[in-house]
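pasting the sequence and the predicted coordinates here, then a few questions.
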Amino acid sequence: MNTPGSAKNILSSDVEIKGNLKFAGELTFEGKLEGEITSDGTLTVGDSAVINGNINATTVVLRGKVNGNVTAKDKIEIKTKTELFGDIRAAKLSIEEGVTFVGKTEVNPNKVAPSANPRPPQAPTLEAAKPPGR
């Protein structure tokens, strides 16, 4: 039985796409893409892949060449020999040895679940500073 969102898809190295790519579940991409990739699933960029565009997914595993920003709700794994030119944002980040990476990183596990009290209470401090009897 195949549950929705659990499909494993593969686009091999002879695939070339100009346009945006959207998928659910898991996708291994080995081809060439000019456009954006969006998913609530897991994207694996293969060794032979060349992507010119932004990637936004839950989990991203990079192996090929990416020229664009990569955002993951959960985790980004950058494997050996990856070439990444762009900024990355994720809750968790793993970078192996031998990676070419030019860009900025924002790794913040707390951003996924913001704190219940985003700003400190200021009213009690102000009340305490008033002289009594006024």
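Great, that's in hand. Residues are numbered from 1 along each chain as shown.

can you show me the helices along this protein?
123-129 (DSSP state H).

where in it is the helix or strand with the lowest mean pLDDT?
Here the helix or strand of the chain ranked lowest by mean pLDDT, DSSP states H and E is helix 123-129, holding a mean of 48.

any weak-confidence spans in the protein?
1-7, 111-134 (pLDDT under 70).

for D14, see how far away the residue nearest the centre of the chain is.
In the chain, the residue lying closest to the centroid (Cα atoms, centre = their mean) is A72, at 1.8 Å. Separation of A72 from D14 (Cβ to Cβ, to the nearest Å): 27 Å. (Each C-beta comes from the backbone N, C-alpha and C, glycine too.)

state the distance from I95 to I78.
I95 is 5 Å from I78, by Cβ to Cβ.

out of these two, which sits in the more crowded spot?
Taking other Cβ atoms under 10 Å, I95 and I78 do not tie; I78 has more neighbours (23 against 17).
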